[in-house]
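In: Sharing a model prediction with you, sequence too.
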Amino acid sequence: MQRRTKIVATLGPVSTNPEVLAKLMTAGCDVFRLNFSHGSGEKLIELANQVREIADSLGRTVGILADLQGPKIRIGKFTDGKIALKTGDKFILDAKCELGNQERVGLDYKELPNDVGPGSILLLDDGRIVLHVDQVRGSEVYTTVEAGGPLSNNKGINRRGGGLTAPPLTEKDMLDIRVAAAMKADYLAVSFPRSGSDMQFARELLRVAGGQSRLVAKIERAEAIPALDDILKASDGIMVARGDLAVEVGDAAVPGLQKKMIRAARERNRLVITATQMMESMISSPVPTRAEVSDVANAVLDGTDAVMLSAETAVGEYPVETVASMARVCVEAEKEQGPALERRRGLQHAANTEEAIAQAVVFACETLDIKAVASLTQSGMTPLLISRKGPEVPVYALTPLTETRRRVSLFRGVYPVMFEHASDDPEVVLDAAEDELQKRGAVKIGDYIIITIGEPFHKAGGTNTMKIIRVGEHRSPAGG
């Protein structure tokens, strides 16, 4: 059984070795995430090139996801590196403090005193430390510790319910967008957007830099939830970034929000990646916990395009084993996906010809014994639209464009295929597409397949034809 759900793996110190990269691809990685919080621009470009060279040597197509750091909403450093806070302690967050101690700590995020007031709840270190704001005096935020514990340098700050005003794009991010454009990243992830205008601004900067990456909005702030539809309109996909989001909205709210976000993304024909702590125990263990297996499986059942690994493959002891375990879980979960995805939503109003073709393809797949779909594409849009409708039949995106093949590597149930044909005779091209699926072992003589194509050829956004063909019976004179 082919795996439909894609796997995104974050690269880090343990996974940039060429041998490990090759093993990660072989184990099932479809897209590599480059975390722009770590590494210089030049080194990241070199790493992206290395990934693509190894993929080419293996005959694989993989995508590159460039992930911007976003604003550093963090405390500063302590004289001794860390302290321990107890419940009931008084503690000051001071924007002018250089080095912290048991009584106070500085702020990398200097605007915090302007964003909070008496009664605000601040959560440090992913919510492990809870502070109640008593008062604000100038640069100082006076708090009482409601949940204590160890606190070390540069830990993150969240405000329960959201409300921090840090812009999503810092000066570093703006420079990194140029790096992403230079490396020809397939996807660009924007951290902490609060509105569609945040994503539009990122897209404008990317286009000015000459980049063509598709934009992924990381849903991490409480404010992003009511603005989800606006963000989806301005993005090509979203990431369900459950870490910071859970801290701001409460961990109990995240499972329901995950389902809501995945459903909304699919309905708007957008991509969706589910991320954060999916197999975190495998940082130091060769096998996942049962809870992690269920978490990955549920994301698959929800209909996510991809599941993402972070520290597990960046700094973990078992990066290859983690990818292999995740791939195995995805395959098993997909066996049960039919009723869970509720694909039969009936006929809908099609926004354009391509969407009408996609609906027709899915209807045919569910009423006939179709073994595969071959979508001849320039932009990758038709395979995406077919994927959004959720057919269980594999969709092969046949395209001569390297950028398109890398892009579709993130689409659920879509497989990139290098396909170049000089003929302008549609029958000759259809025969060649049929031959390509046979060569790959996807179909055999007598199987029914669907081919989508645009006429005239070689024009992006022009899919207007769907044909149902029985392999081996439809041959043009020129094709033999």
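Out: In hand now; what should we look at? Numbers count the residues shown, from 1 in each chain.
In: which SS state does E19 fall under?
Out: Assigned with DSSP: H, G, I helix; E, B strand; the rest coil, E19 falls in the helix class.
In: Repeat that for the one 3 residues further on.
Out: Three-state assignment for A22 (three-state DSSP): helix.
In: Setting the sequence-adjacent residues aside, check what's closest to it.
Out: Closest residue to A22 apart from its sequence neighbours, by Cβ to Cβ, 6 or more residues apart in numbering: I54 at 5.4 Å. Where C-beta positions appear, they are placed from N, C-alpha and C, glycine not excepted.
In: What of S284?
Out: Nearest to S284 is E317, by Cβ to Cβ, 6+ apart, at 5.7 Å.
In: Tell me which residues touch the residue nearest to A22, please.
Out: Each residue near I54 by Cβ atoms under 8 Å, 6 or more residues apart in numbering is listed here: P18, L21, A22, M25.
In: The first one - nearest residue in space that isn't next to it in sequence?
Out: Yep, that's P18 we're talking about. I54 (6.0 Å).
In: where's the one you found, which helix or strand?
Out: Here I54, judged by DSSP states H and E, is contained in helix 41-58.
In: Same check on L215?
Out: Judged by DSSP H and E, L215 forms part of strand 214-219.
In: Neighbouring strands - and their directions - for that strand?
Out: strand 187-190 (parallel), strand 237-241 (parallel) (DSSP bridges).
In: Only C-alpha atoms, please: export the very next helix or strand once past the longest one in CSV.
Out: So that's strand 237-241. Following strand 237-241 in sequence order, the next helix or strand is helix 242-249 (DSSP H and E). Extracted C-alpha coordinates of helix 242-249, given in CSV (Å, rounded to 0.1, in the frame of the first residue of the first chain):
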residue,chain,number,x,y,z
ARG,A,242,0.5,23.0,18.4
GLY,A,243,3.3,24.2,20.7
ASP,A,244,2.8,27.9,21.1
LEU,A,245,-0.9,27.6,20.2
ALA,A,246,-1.5,25.2,23.1
VAL,A,247,0.2,27.6,25.5
GLU,A,248,-2.0,30.5,24.4
VAL,A,249,-5.4,28.8,24.1
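In: quick one, helix 242-249 and strand 214-219 angle?
Out: Helix 242-249 and strand 214-219 meet at an angle of 40 degrees, taking axes from the mean of the first three to the mean of the last three Cα atoms, to 10 degrees as the criterion.
In: Go ahead and name everything in contact with helix 242-249.
Out: Contacts of helix 242-249 (Cβ under 8 Å, 6+ apart): 123, 126-127, 156, 158-162, 192, 219-222, 224-225, 253-254, 257-258, 274-277.
In: picking up where we left off before, would you list the strands paired with strand 214-219 in JSON lines and tack on distance to M174?
Out: Conversion of those to JSON lines gives the following (distance: least, Cβ to Cβ, whole Å):
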{"stretch": "strand 187-190", "distance to M174": "12"}
{"stretch": "strand 237-241", "distance to M174": "20"}
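In: May I see these arranged in a markdown table, with distance to T452 and mean pLDDT as well?
Out: What follows is the strands paired with strand 214-219, written out as a markdown table (distance: least, Cβ to Cβ, whole Å; pLDDT from 0 to 100):
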| stretch | distance to T452 | mean pLDDT |
| --- | --- | --- |
| strand 187-190 | 24 | 98 |
| strand 237-241 | 22 | 97 |
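In: Distance from stretch 100-107 to the middle of the chain?
Out: 36 Å (Cα atoms, centre = their mean, to the nearest Å).
In: Quick one: end-to-end distance for it.
Out: 10 Å (Cα to Cα, to the nearest Å).
In: Give me the residues contacting that stretch.
Out: Contact partners of stretch 100-107, identified using Cβ under 8 Å, 6+ apart, comprise 74-80, 83, 90-99, 140, 151, 157.
In: Buried residues in that stretch, which are they?
Out: G100, R104, V105, G106, L107 (16 or more other Cβ atoms under 10 Å).
In: Show residues contacting the strand or helix carrying I450.
Out: If you go by DSSP H and E, I450 is part of strand 448-454. The contact list for strand 448-454, computed with Cβ under 8 Å, 6+ apart, reads 357, 361, 364-365, 368-378, 382, 386, 393, 426, 429-430, 433-434, 437, 443, 461-471.
In: Next up, the contacts around the residue positioned nearest the centre of the chain.
Out: Closest residue to the average C-alpha location of the chain: I273 at 3.5 Å, with Cα atoms, centre = their mean. Applying Cβ under 8 Å, 6+ apart to I273 gives the contacts V8, V216, G237, I238, M239, V240, T304, D305, A306, V307, M308, L410.
In: ok, the second one - how many residues close by?
Out: This means V216. By other Cβ atoms under 10 Å, the residues close to V216 number 26.
In: How much space separates it from P193?
Out: Applying Cβ to Cβ, to the nearest Å, the value for V216 to P193 is 10 Å.
In: What of the fourth one?
Out: When Cβ to Cβ is applied, the distance between I238 and P193 equals 9 Å.
In: Give me the next element, helix or strand, following the worst-scoring helix or strand of the chain on mean pLDDT.
Out: When the helices and strands of the chain are scored by mean pLDDT, DSSP states H and E, helix 337-341 comes last with a mean of 47. Using DSSP H and E, the next helix or strand after helix 337-341 towards the C-terminus is helix 353-367.
In: which other helices and strands contact that next one?
Out: strand 370-376, helix 381-388, strand 448-454, strand 463-470 (3 or more Cβ pairs under 8 Å, 6 or more residues apart in numbering; DSSP states H and E).
In: Kindly compare burial across those and name the winner.
Out: helix 381-388 (a mean of 27; mean count of other Cβ atoms under 10 Å).
In: between that helix and helix 353-367, how many degrees?
Out: Relative orientation of helix 381-388 versus helix 353-367 (the same axes, to 10 degrees): 40 degrees.
In: Name the residues that touch helix 381-388?
Out: 266-267, 269, 271, 305, 354-355, 357-358, 361-362, 373, 375, 377, 395, 397, 408, 411-414, 452, 460-461, 463.
In: For stretch 91-107, what does the pLDDT average out to?
Out: What stretch 91-107 shows for mean pLDDT is 96.
In: before we move on, the earlier item: would you mind listing which of the contacts of stretch 100-107 are buried?
Out: Of these, these count as buried by 16+ other Cβ under 10 Å: 74-78, 83, 91-95, 97, 140, 151, 157.
In: from those residues, which two are the most distant?
Out: Greatest spatial distance among these (Cβ to Cβ): I83 and A95, at 18.3 Å.
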